[in-house]
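Enquirer: Quick one: sequence and predicted model below, then my questions.
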Amino acid sequence: MNILIETERLILRELEYTDENDLFEMDSGPEVHLFIENNPVKSIDEIQKAIKMLKEQYVENGIARWAVVDKLSNECIGWSGLKYFNEQINNHKNFYELGYRFKKKHWGKGFATESSIAVLNYGFKNLGVDTIFAIADPNNVNSKKVLTKLGFQFQETFDYEGDPTDWFELKKTIWENK
């Protein structure tokens, strides 16, 4: 297991095919997909393809979403991490975007905030990034609360693949002075 980061309660590491059942449990839930495409997965095969894509991103970009594992139970409870976008989105290109997703049974426990703090520290310190972005559905109040708590600042609502999407930004200088 390639552990990248440890927090008080969590281990962040690269996703593995052995995570497929946990990811299927997460991504097959309709509530989890309410604000992201609203298209829950229907098979382990879809999860295996997603893991393959993430493994390719690790190789191509040196980073992608990471598995978030609860230290006490050793359960993969979701993922968190940075994704590198080399295609243009909202007039930005070649940028890092923070994202996270967790099994519904683990919502409200602070895991998104705890894992994101570790991920942001990694991005700003280890990758030398000056700005990290995030996107959220305008109706996803809980995700937007996490982003605001982390110091992200709302910039605008833009059209992303036909849907209104909120665009957030966090500068390294803001992060370091929090």
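Expert: Received, thanks.
Enquirer: contacts, neighbours, all on C-alpha from now
Expert: Will do.
Enquirer: Go ahead and flag the most central residue of the chain.
Expert: With distances taken as C-alpha atoms, centre = their mean, the residue of the chain nearest its centroid is Gly99 (2.2 Å).
Enquirer: How much space separates it from Ser43?
Expert: Distance, Gly99 to Ser43, by C-alpha to C-alpha, to the nearest Å: 23 Å.
Enquirer: now Asn86
Expert: Asn86 sits at a distance of 29 Å from Ser43 (criterion: C-alpha to C-alpha).
Enquirer: Can you report phi and psi for Trp167?
Expert: Taking degrees, to the nearest 10, you get phi -110, psi 130 for the backbone angles of Trp167.
Enquirer: Settle this for me: it is touching Pro138, isn't it.
Expert: No. Assessed by C-alpha atoms under 8 Å, Trp167 is found out of contact with Pro138, at 9.3 Å.
Enquirer: Touching both of the two, which residues are there?
Expert: By the contact definition C-alpha atoms under 8 Å, 6 or more residues apart in numbering, Trp167 and Pro138 are jointly contacted by Thr157.
Enquirer: Just give me how far whatever helix or strand Glu60 lives in sits from the chain centre.
Expert: In this structure, Glu60 is located in helix 44-61 according to DSSP states H and E. Remark: helix 44-61 is offset 14 Å from the chain centroid, using C-alpha atoms, centre = their mean, to the nearest Å.
Enquirer: Kindly report the same for stretch 25-38.
Expert: 14 Å.
Enquirer: Next: stretch 71-85.
Expert: 8 Å.
Enquirer: oh, and call the first residue 6 from now on, that's how I've got it
Expert: OK, 6 is where the count begins now, so the last one is stretch 76-90.
Enquirer: Show me the contact partners of it.
Expert: 14-17, 24, 27-28, 31, 66, 68-75, 98-108, 111, 117, 120-121, 124, 128.
Enquirer: In helices, which of those residues fall?
Expert: When DSSP state H is applied, the contacts of stretch 76-90 are split such that 27-28, 31, 66, 117, 120-121, 124 fall in helices.
Enquirer: circling back to that earlier point, show me the contacts of stretch 76-90 that map onto strands.
Expert: 15-17, 70-75, 100-107 (DSSP state E).
Enquirer: Surely Thr162 and Pro169 touch.
Expert: Yes. At 6.2 Å, Thr162 counts as touching Pro169 under the criterion of C-alpha under 8 Å.
Enquirer: hey, what's in contact with both of those two?
Expert: Pro143.
Enquirer: Going by neighbour count, which of the ones in strands among the contacts of stretch 76-90 are buried?
Expert: 15-17, 70-75, 100-107 (16 or more other C-alpha atoms under 10 Å).
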